[in-house]
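> Need the 3D shape of this:
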Amino acid sequence: MIYIRGVTQRGVSGYMEKEIKAFIAYLHNVKNTSANTEMSYKRDLEKVQHFMADRGVHETAAISEQDLEDYVKYLEDNKFAAATVSRNIASLKAFYHYMVQEGIAEEDLSEPLKAPKIEKKVPEIMSPDEVVRLLEQPSGDSPKEVRDKAMLELLYATGIRVTELITLKLSDINMQMNFILCRDRNKERIIPFGMEAKNALARYLDGTRDEMLENKSSDVLFANCSGQPMSRQGFWKLIKFYAKKADIKADITPHTLRHSFAAHLVENGADLRSVQEMLGHSDISTTQIYANLNHSHIREVYAKAHPRG
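From the prediction side, this is the model:
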């Protein structure tokens, strides 16, 4: 038997498993959700499945309101973060909404469940001096430094996620119009970039990329030193290395540059809808947090204009 934080995972019968699979297929085919979203729902619902199986409940129809309340209490008693509990409740609500809609369940047993209040964390943001110091660290002529410079400049210029950065294709870059195309299944968004990023990209594309790919035919924009696509872990190590080299004390991650990109735009008058579109947020309330940052704090931390634009 396998134990995950107190839940015994036995060979669970396929009753609930079948309904979870059907729900994930519905999300994929009807709602056009991303692979990450589908994986998150699947993981949350499988935890519920194993919890129920551990108390002898194998069919969705046999689950009671009390069972669901006990599951939420189990999460809270085992010190799961409020955000994790909230996400699990959201997964249950989406699952039951689907089952009622499809006529699999007569009533939504998840309706009484209340998500805990989550204290929104203020995003970690960088000062202009820190941004400049970080982006100027890869200043040499080696293929690796030329590539690293292009990656860091593009990340800060566009605010894209690290996964989006490392999966960019050569065909996603428009050097004449200065924009990149980001795709997530059938959704795509266009994000412009400034001259600093363009210059760094142009230098990288002028021979360095082919050198890193060892002249192999590939549509991958950023390759590692073995000529393979860059990994998330590889880029995390890269940004940590340059942050240390720049003597930046804060814990800098790729997402810190994304937060800094957004905060700069909002502070300098960009409308939230445009920022939401560039960031790829499905809900504008996620973008709203940048507008809610204390203005005096932002003025203290940030320059009045994007220093790399």
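
> what sits against the closest residue in space to residue 183 that isn't next to it in sequence?
Excluding the flanking residues, the one nearest residue 183 by Cβ to Cβ, 6 or more residues apart in numbering is residue 172, at 7.5 Å. For every residue, glycine as well, the C-beta is placed using N, CA and C. By Cβ atoms under 8 Å, 6 or more residues apart in numbering, the contact list for residue 172 reads 180-183, 221.

> Using neighbour counts, trim these to the buried set.
180, 182, 221 (16 or more other Cβ atoms under 10 Å).

> how about the residues you listed in TSV, adding pLDDT and secondary structure?
What follows is the buried ones among the contacts of residue 172, written out as TSV (pLDDT from 0 to 100; DSSP: H, G, I helix; E, B strand; the rest coil):
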residue	pLDDT	secondary structure
180	87	strand
182	84	strand
221	89	coil
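
> just curious, which of the residues you listed is nearest to residue 193?
Nearest to residue 193 among these is residue 180, at 6.6 Å by Cβ to Cβ.

> which residues does the closest one bridge with?
Beta bridges link residue 180 to residue 173, residue 191 when assigned by DSSP bridges.

> let's have the chain start at 56 instead
Okay, residue one is now 56; in that scheme the one you just asked about reads as residue 235.

> quick one: the helices in the stretch 206-355 of the chain?
217-221, 250-258, 264-267, 287-300, 309-322, 327-334, 339-346, 350-356 (DSSP state H, counting those that start in this stretch).

> quick one: which of those helices is nearest residue 117?
Closest to residue 117 of the helices of the stretch 206-355 of the chain is helix 339-346 (Cβ to Cβ; 36.5 Å).

> quick one: average confidence on the closest one?
The average pLDDT within helix 339-346 is 69.

> quick one: pLDDT of the spatially most distant residue from the centre of the chain?
Within the chain, the residue lying farthest from the chain centre (Cα atoms, centre = their mean) is residue 111, at 36.1 Å. Looking at residue 111, its pLDDT stands at 89.

> Likewise for residue 114?
On the pLDDT scale, residue 114 gets 87.

> hang on, isn't it packed against residue 70?
Yes. Contact criterion Cβ atoms under 8 Å: residue 114 and residue 70 qualify, at 4.3 Å.

> between those two, who's got more neighbours?
residue 70 (17 against 11; other Cβ atoms under 10 Å).

> hang on, the more buried one is in a helix, isn't it?
Yes. Judged by DSSP: H, G, I helix; E, B strand; the rest coil, residue 70 forms part of a helix.

> ok, it - contacts?
Contact analysis of residue 70 by Cβ under 8 Å, 6+ apart lists 113-115.

> of the residues you listed, closest to residue 100?
residue 115 (10.2 Å).

> ok, that closest one to residue 331 distance?
Here the criterion is Cβ to Cβ, to the nearest Å. By it, residue 115 lies 36 Å from residue 331.

> cool, residue 222 as well?
Distance of residue 222 to residue 331, computed by Cβ to Cβ: 21 Å.

> As a check, name the ranges of all strands in this protein.
Using DSSP state E, the strands found in the chain span residues 57-59, 62-64, 228-229, 234-239, 242-247.

> If you average pLDDT over each of the ones you listed, which is lowest?
strand 57-59 (a mean of 31).
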